[in-house]
Every structure is written in C-alpha cells, then in structure tokens.
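Chemist: 3D, please:
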Amino acid sequence: MQVKDIMVEPITIDKSEKLSYALDMMEKHETRRLLVMHNNKIQGIITMRSITRELGTRKKSNLPASAMHVITATTDNYNKVLPDMSINDGIVLMNRNDGILLVMENDSVTGWVTPQEIIKHSTINDFFAGEAMWSPITIGPGERVIHARRIMLDNDISRLLVLENDSLVGIITENDIARSLRAFRDIVTGSKQDNRIKNL
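Modeler: So this is what the prediction gives:
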C-alpha cells in the first residue's frame, strides 16, 4: 500500500490569519493541525501544540489570540514525499523526523498523511493495548493550567491523566489548555496578564 492510498486532503489556512481563527477551524473540522499557505506556497504546519506553546509565551503575554498571527505558531514538522512512497517507508520517515507526510506531485500538495490515517488503516492483528502502553504522566486537579502546559511541552505529549488520591478524575488535553489560554487572553488585558497567568 502506498501513501496515496490513505492520504486525505489537508485543511488549509493563510499565514496572515489569527490564532483565534485557527482554533475555530480546528474545532469545526475536528482536527489538531492545519496546513499553512500563502500565495499558494507552503509555509508550514500549525498544530494545537504549537498554538498552546505560543499562547503561553511571556514575550507576547499582553496580546489576545485574536491579535496573534498564524505564522507565529507555524512549524516545519512535515516531510515532502511522492504519492508512490510505501506506507512502511512513510512511517519510518515520520518516526525519524517527527512530522507528518505532505504528499507532493508537480510541486503541488495532493494530500497529507498524519498518525490518524496510519492508525485508521492499520492491519495489525492480535496486538494488545498492553504491548503499546507506557506509564502515564499525571497531574493533580489543583495544579495550575500553565503547569500542565509545561509538562506536556517538556514531555512531548498531548494529554495528562488527572489523579486525586490515586483515583482517575479526568483527562486534560492540549486542546483544553489552548482554549483556556485563549479565553484568558481575551478576558485579562495588557500588563495584568503576566502576573495573573501564573495563577491560571
């Protein structure tokens, strides 16, 4: 099977759009990443994680998400591949370079392959959850949102189990954090943000 057999059409956004619009698009299309374009040229990828990182940056702590441009959270975590690349080779490339596959033909994007497409088309049988699981990283319900953000970024993960007295009480995701930071920046303005975000 080749990457062209499982690729999907990416949702695109212009680099000049605002981060708030990018979050709205992700929610609308139920995705965690968008392809950033400008004048029909690839600028990179914006993800829920890169938005979470940008919204928690102190150097721009006085700006709401509606005033920050997509390009500020755009990354180069992608690999350009041809449509006839095998899925196995694509998986190796994704693991090696920690990025999605942009399927290119005649200098144009024809689709992309993310971990979601790989999992959806996996044909692995007799493979149990216990063989893939790892010890979870946890956080308490009383911890600050900004602390949860730091743990996720430091460990390159997208969610944390919330434990209270050794019992699971919930899960917090980078999606939750990005939206909390967006709401915080919209409500708390200017110089007040820098001090108050520490207690969020």
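
Chemist: and the protein, what are its domain boundaries?
Modeler: What the record gives for the chain is the domain set 3-120, 129-199, from automatic domain parsing.

Chemist: out of those domains, which is the most enclosed?
Modeler: Across the domains of the chain, averaging neighbours per residue (mean count of other C-beta atoms under 10 Å) puts domain 3-120 on top, at a mean of 17. C-beta coordinates here come from the backbone N, C-alpha and C atoms, glycine included.

Chemist: do you know how far the closest residue to residue 7 other than its chain neighbours is from residue 117?
Modeler: Counting by C-beta to C-beta, 6 or more residues apart in numbering, residue 111 is the residue found nearest to residue 7 once chain neighbours are left out, at 3.2 Å. Residue 111 sits at a distance of 9 Å from residue 117 (criterion: C-beta to C-beta, to the nearest Å).

Chemist: quick one: residues contacting residue 10.
Modeler: Neighbouring residues of residue 10 by C-beta atoms under 8 Å, 6 or more residues apart in numbering: 34-35, 102, 109, 111-112.

Chemist: can you rerun that using 10 Å?
Modeler: Residues in contact with residue 10 (C-beta atoms under 10 Å, 6 or more residues apart in numbering) are 31, 33-37, 45, 78, 100, 102-103, 109-114.
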